[in-house]
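> just coords:
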């Protein structure tokens, strides 16, 4: 920063660095040398290989240091602008005394370890002995693997849910800063994946259907950006649909809070095919959908309504819905007169059942009246209902 003296006193004036011209000249010469070395030419027969043996000398500079994870600065800036560290320290209470680390120090330490290429707690030992890494974080020291493991063992299910809630609150702030096109349509995806483990006595592990010991976590994510919104760890023996409905409702509430105008749920049916349903408001109680296998034996498929097919009410698809609504075409009774009314149909509540022999039947629960304006709306919603697999 230089100052220029004028009649009204010194006026600050910004000027470029004097080394800028030198840097441009060096970069220009570097590009010129690369073009010279990579130019097209007719090569004669070579007697020596191009990868030749030569000595390599390493020098350690005192003024300039290199770091393999140069993008940490951008993430630190994001944490500071969102106030994420202050929110973690204010809402997550796992440590009675801070000697010397806070809860946010531990959480960010594990996060930056993954961003720096780490895959396990032992990789913390490699980065905590890197002076350049510590200087880039502005920290005198970071927790070692033993201290980080002790911090993780303090978590229980409520604390994990609290941490996910803190991160999702800040995630909403990021979504709200995006362009209007980003908030047009949100696709919430739910799926379970089997994670095997080499341990034999780990808490909560179980045997999966394919004979692998491990876990079966439920992952609810925003498919637009591939952001995991909720992760719920479960034993490997648990079905995919278990606990999915509650977390899908929470994910939908999160998207509505951010301002998404349309919300889609995407999952897998009991047969493994993907299905997606559009919704912009919570469904009515009578159209409450359940993921595959809920309310019946695991792995069983149930019947769902199809599009209106004239006078053939049996044209249905086999999907995973526990209680469904289906428009039954035909005459109905006009209100208050007891005579058939024109253009109106009845709505039938059916529950799919599975007998021991494997034969699927439908039991009629009752019939209610429906106006023709609701017929198309109900059918559209049924055709696009959420099916979690």
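Yep, it's here. Note that the structure is a prediction, hence the values are computed from the model and not measured.
> which parts of the lengthiest helix in the chain are buried?
Looking across the chain with DSSP state H, the single longest helix is helix 157-176. For helix 157-176, the neighbour count (16 or more other C-beta atoms under 10 Å) marks 162, 163, 164, 166, 167, 168, 170, 171, 175 as buried. C-betas here are computed from N, CA, C, even on glycine.
> try stretch 206-223
Neighbour counts over stretch 206-223 (16+ other C-beta under 10 Å) mark 208, 213, 214, 215, 216, 217, 218, 220, 221, 222 as buried.
> may I have the beta-bridge partners of the second one?
Going back to what we said before, that points to residue 213. residue 207 (DSSP bridges).
> residues contacting it?
196, 197, 199, 200, 205, 206, 207, 236 (C-beta atoms under 8 Å, 6 or more residues apart in numbering).
> how close does the second one get to residue 160?
Going back to what we said before, that points to residue 197. Residue 197 is 18 Å from residue 160, where distance means C-beta to C-beta, to the nearest Å.
> what's the neighbour count on the nearest residue to residue 166 once chain neighbours are set aside?
Leaving aside its chain neighbours, residue 166 sits nearest to residue 87 (5.1 Å; criterion: C-beta to C-beta, 6 or more residues apart in numbering). Other residues lying near residue 87 total 16 when counted by other C-beta atoms under 10 Å.
> in a helix, residue 87, correct?
Yes - Residue 87 forms part of a helix when assessed by DSSP: H, G, I helix; E, B strand; the rest coil.
> in this structure it contacts residue 163, no?
No - with contacts counted by C-beta atoms under 8 Å, residue 87 stays clear of residue 163, the gap being 10.1 Å.
> circling back: let's see which of the buried residues of stretch 206-223 end up in strands.
Using DSSP state E, the subset of those located in strands is 213, 214, 215, 218, 220, 221, 222.
> show me what the longest helix of the chain is in contact with.
82-84, 87-88, 91-92, 94, 107, 155, 182-183, 227, 229-231, 254, 257-260.
> repeat that for stretch 112-128.
Counting by C-beta under 8 Å, 6+ apart, 68-69, 71-72, 75, 109, 133-134, 137, 141-145, 148-149 sit against stretch 112-128.
> cross those against helices and list the overlap.
When the contacts of stretch 112-128 are checked against helices (DSSP H), the matches are 72, 75, 109, 133, 134, 137, 145, 148, 149.
> can I get the residues you listed in a markdown table with distance to residue 123?
Below are the ones in helices among the contacts of stretch 112-128 laid out as a markdown table (distance: C-beta to C-beta, whole Å):
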| residue | distance to residue 123 |
| --- | --- |
| 72 | 15 |
| 75 | 17 |
| 109 | 11 |
| 133 | 12 |
| 134 | 15 |
| 137 | 15 |
| 145 | 8 |
| 148 | 10 |
| 149 | 13 |
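> distance of residue 61 relative to residue 135?
For residue 61, the distance to residue 135 - C-beta to C-beta - is 14 Å.
> go ahead and confirm residue 143 touches residue 151.
Yes - using C-beta under 8 Å, residue 143 is in contact with residue 151, at 7.1 Å.
> shared neighbours of these two, which are they?
101, 106.
> low-confidence stretches in the chain?
Low-confidence segments of the chain (pLDDT under 70): 1-19, 269-389.
> returning to what we had before: just the buried subset of the contacts of stretch 112-128, please.
69, 72, 109, 133, 137, 142, 143, 148.
> one step back: between residue 61 and residue 135, who's got more neighbours?
Shown here are residue 61 and residue 135; by other C-beta under 10 Å, residue 135 has more neighbours (12 against 7).
> any idea how far residue 109 is from the more buried one?
If you go by C-beta to C-beta, the gap between residue 135 and residue 109 works out to 15 Å.
> just to revisit the earlier point, what is the nearest of the ones in helices among the contacts of stretch 112-128 to residue 267?
Each of these was scored against residue 267 by C-beta to C-beta, and residue 75 proved nearest at 31.3 Å.
> number of residues surrounding the residue lying closest to that closest one once chain neighbours are set aside?
What sits nearest to residue 75 in space, not counting adjacent residues and going by C-beta to C-beta, 6+ apart, is residue 115, at 6.3 Å. Residues lying near residue 115 (other C-beta under 10 Å) number 13.
> quick revisit: could the contacts of residue 213 go into JSON lines alongside distance to residue 187 and secondary structure?
Shown next, in JSON lines, are these (distance: C-beta to C-beta, whole Å; DSSP: H, G, I helix; E, B strand; the rest coil):
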{"residue": "196", "distance to residue 187": "29", "secondary structure": "strand"}
{"residue": "197", "distance to residue 187": "31", "secondary structure": "coil"}
{"residue": "199", "distance to residue 187": "35", "secondary structure": "coil"}
{"residue": "200", "distance to residue 187": "39", "secondary structure": "coil"}
{"residue": "205", "distance to residue 187": "31", "secondary structure": "coil"}
{"residue": "206", "distance to residue 187": "31", "secondary structure": "strand"}
{"residue": "207", "distance to residue 187": "33", "secondary structure": "strand"}
{"residue": "236", "distance to residue 187": "27", "secondary structure": "coil"}
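> tell me the buried residues within these.
Buried, going by 16+ other C-beta under 10 Å: 205, 236, out of the contacts of residue 213.
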